[in-house]
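> Below: sequence and its predicted model.
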Amino acid sequence: TVSNSAASVARWVASDEYGTVSFHAVPLSVGGKLKVHIWQQCYSAVLTSATLASLNSFDRFIDDSGCGGNESSTRLPSALNYPAAAFHVPHMRCDPSNAVAHTQEIIGLIPKLLHPTVGSLVLFSSRKQMEDVRVALDVQLGEALLVQGDYSKNELIRRHKQRIEEGVRSIIFGLASFSEGVD
């Protein structure tokens, strides 16, 4: 038989290229550890994220994180105008496994998809592809283009926001992870 405490632990064995074997075990829920090592040790904490609430409630996060007790939660409205936003995933003829043809198709599509007067965020799953598209479209997109890696994430967002507020076209090229926390 497996006890409840034993069932709530993930276990795995891993080996490296030298044949070294390592055994790992981690709890599936860290709420109890967080409660003991963080929440009971600090006077107060502020947690923020765009994804803490689930179904308009913080209950699941509060239970999973172990911070239940004297917490208060507030959901703030987003500064984004979601009804005016567009999410576009074009139908592609080229399969991504053919990197050269896929990149060439993206180079042809991007200028047609980007609005000439509003802000845009273009996400790539490959840094090489992002750089290849940048080089190919640099002259066409010019000063409107901001690329992840040229500045810190905060600086890119600041410049992008400033351009949009000034009514100037702004396009961010970033990797898929860049979208995390962008609101």
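Structure received.
> which stretches of the chain have low pLDDT?
Low-confidence segments of the chain, defined by pLDDT under 70, span residues 1-7, 79-80, 181-183.
> quick one, helices of it?
4-7, 31-34, 59-65, 99-113, 127-141, 153-165 (DSSP state H).
> Using TSV, lay out those together with mean neighbour count.
In this view, the C-beta of every residue, glycine as well, is placed from N, C-alpha and C. Formatted as TSV, the helices of the chain follow (neighbours: other CB atoms under 10 Å):
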stretch	mean neighbour count
helix 4-7	8
helix 31-34	14
helix 59-65	15
helix 99-113	15
helix 127-141	15
helix 153-165	14
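> Turn the ones you listed into TSV, including distance to V89.
What follows is the helices of the chain, written out as TSV (distance: least, CB to CB, whole Å):
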stretch	distance to V89
helix 4-7	40
helix 31-34	36
helix 59-65	29
helix 99-113	10
helix 127-141	16
helix 153-165	21
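> Out of those, the one nearest A25 is which?
Of all those, helix 4-7 sits nearest to A25, with 9.7 Å by CB to CB.
> Give me the phi and psi for C67.
phi -100, psi 10 (degrees, to the nearest 10).
> out of the helices of the chain, which comes closest to A176?
Among these, the nearest to A176 by CB to CB is helix 127-141 (10.0 Å).
> Outside of the closest one itself, list whatever touches it.
For helix 127-141, the surrounding residues in contact (CB atoms under 8 Å, 6 or more residues apart in numbering) are 99, 102-103, 106-107, 110-111, 114, 124, 145, 147-149, 171, 173-175.
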